[in-house]
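J.: Provided below for reference: sequence and predicted model.
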Amino acid sequence: MAKVAVIYYSATGNVYSLARAVEEGANEAGAEVRFRKVRELAPEEAIKSNQGWHDHFMETQDVPEAELEDLEWADAYVFGTPTRFGNVAAQLKQFLDTTGGLWFEGKLADKVVGGFTSAQNPHGGQESTLLSMYNVFMHWGAVIVPTGYTSEEIFAAGGNPYGASSTEEPSEEELAAARYQGRRIAEKAAALAGSRV
Ligand SMILES: Cc1cc2nc3c(=O)[nH]c(=O)nc-3n(C[C@H](O)[C@H](O)[C@H](O)COP(=O)(O)O)c2cc1C
């Protein structure tokens with residue numbers, strides 16, 4: 001059974017919905033899943049100035065925060081971030097930037113990884129955000145498993161082969177693609193773990 005960590009940042013809930021769908025998919029594939037948000041770094045005044053952000057912040061207080069130990073524990077990771085000017089949100093990047101020690105010890109290498117994102121516009125930078133995130137994974141020596149065009153669900157959701165993505169609040173098709181990504185990552189992680197010498 002693969003151990004999958006779903007780790008995300010979401011301000012207003014769109015990436016959170018995708019993350020829950022990824023979690024469902026990994027569960028469907030029989031994985032043991034840890035569902036984790038990264039720490040919010042924005043000042044309270046900024047959060048309070050946006051009702052949707054504040055509501056989501058309060059509604060997800062019970063979601064545990066990601067720890068480095070989650071990365072050591074997992075066979076596979078799926079990271080989610082909103083698109084921020086075509087890039088990864090600072091909150092998730094900050095968590096990724098704390099992984100230097102694990103990287104130095106080689107503990108992040110050879111693990112399956114993928115990413116998912118949400119943006120406001122259909123061409124608002126979903127792909128560049130995932131590619132930016134994947135730079136980190138290449139430095140880790142992780143095994144990036146993109147969604148590719150490996151399932152009908154990807155075509156139905158708009159055809160992003162880099163990872164599941166949505167335009168604002170995820171549609172049913174976008175959620176189905178995220179579930180597929182969760183299943184795919186869990187299946188590939190189980191296969192890779194079984195082949196380790
Ligand atoms: C600072 C900032 C930068 C953003 N940059 C982009 C962008 O480059 N392209 C885009 O389409 N949407 C952009 N957005 C919109 C978010 O990516 C979008 O609303 C996303 O669905 C939010 O996900 P969340 O609800 O999980 O926070 C930006 C939002 C903020 C606050």
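T.: On my side now, so go ahead.
J.: sec struct for the residue in the chain that the ligand sits nearest to, please.
T.: Residue of the chain nearest the ligand, by Cβ to the nearest ligand atom: G124 (1.9 Å). Any C-beta I mention is one placed from the backbone N, CA and C, and that applies to glycine too. Secondary structure state of G124, per DSSP: H, G, I helix; E, B strand; the rest coil, is coil.
J.: what about the closest residue to it other than its chain neighbours, neighbour count?
T.: Nearest residue to G124 in three dimensions, chain neighbours excluded: T83, at 5.8 Å (Cβ to Cβ, 6 or more residues apart in numbering). Number of residues near T83 (other Cβ atoms under 10 Å) recorded here: 26.
J.: just to revisit the earlier point, now the residue of the chain closest to the ligand: how far from T60?
T.: Shown here: G124 relative to T60, a distance of 23 Å by Cβ to Cβ, to the nearest Å.
J.: These two - which one has more neighbours?
T.: Ranked by neighbour count (other Cβ under 10 Å), G124 and T60 place G124 first, with 18 against 13.
J.: Tell me who's in contact with that one.
T.: Listed by Cβ atoms under 8 Å, 6 or more residues apart in numbering, the contact set of G124 reads T83, G86, T167.
J.: Mind checking which of those are in helices?
T.: Using DSSP state H, no member of the contacts of G124 falls within helices.
J.: And the residues you listed, which is closest to R36?
T.: Of all the contacts of G124, R36 sits closest to T83, with 20.3 Å by Cβ to Cβ.
J.: Pretty sure the closest one sits against Q126.
T.: Yes. Counting by Cβ atoms under 8 Å, Q126 is a contact partner of T83 at 5.9 Å.
J.: shared neighbours, the two?
T.: T117, S118, A119.
J.: Next to the ligand, which bits of this structure? Give me the list.
T.: 10-16, 82-86, 118-121, 124-125, 168 (Cβ under 6 Å from any ligand atom).
J.: Which parts of this protein are strands?
T.: With strands called from DSSP state E, the chain shows them at 3-8, 32-37, 76-84, 87-88, 112-119, 143-144, 165-167.
J.: in this structure, which spans are helices?
T.: Along the chain, the stretches classed as helices by DSSP H are 14-28, 44-48, 51-59, 68-73, 90-96, 100-104, 126-140, 152-156, 172-195.
J.: now those helices as a markdown table including distance to Y162, mean neighbour count and mean pLDDT?
T.: Shown next, in a markdown table, are the helices of the chain (distance: least, Cβ to Cβ, whole Å; neighbours: other Cβ atoms under 10 Å; pLDDT from 0 to 100):
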| stretch | distance to Y162 | mean neighbour count | mean pLDDT |
| --- | --- | --- | --- |
| helix 14-28 | 14 | 24 | 99 |
| helix 44-48 | 29 | 12 | 97 |
| helix 51-59 | 25 | 14 | 98 |
| helix 68-73 | 22 | 15 | 98 |
| helix 90-96 | 16 | 19 | 98 |
| helix 100-104 | 23 | 12 | 98 |
| helix 126-140 | 4 | 19 | 98 |
| helix 152-156 | 10 | 17 | 98 |
| helix 172-195 | 10 | 21 | 94 |
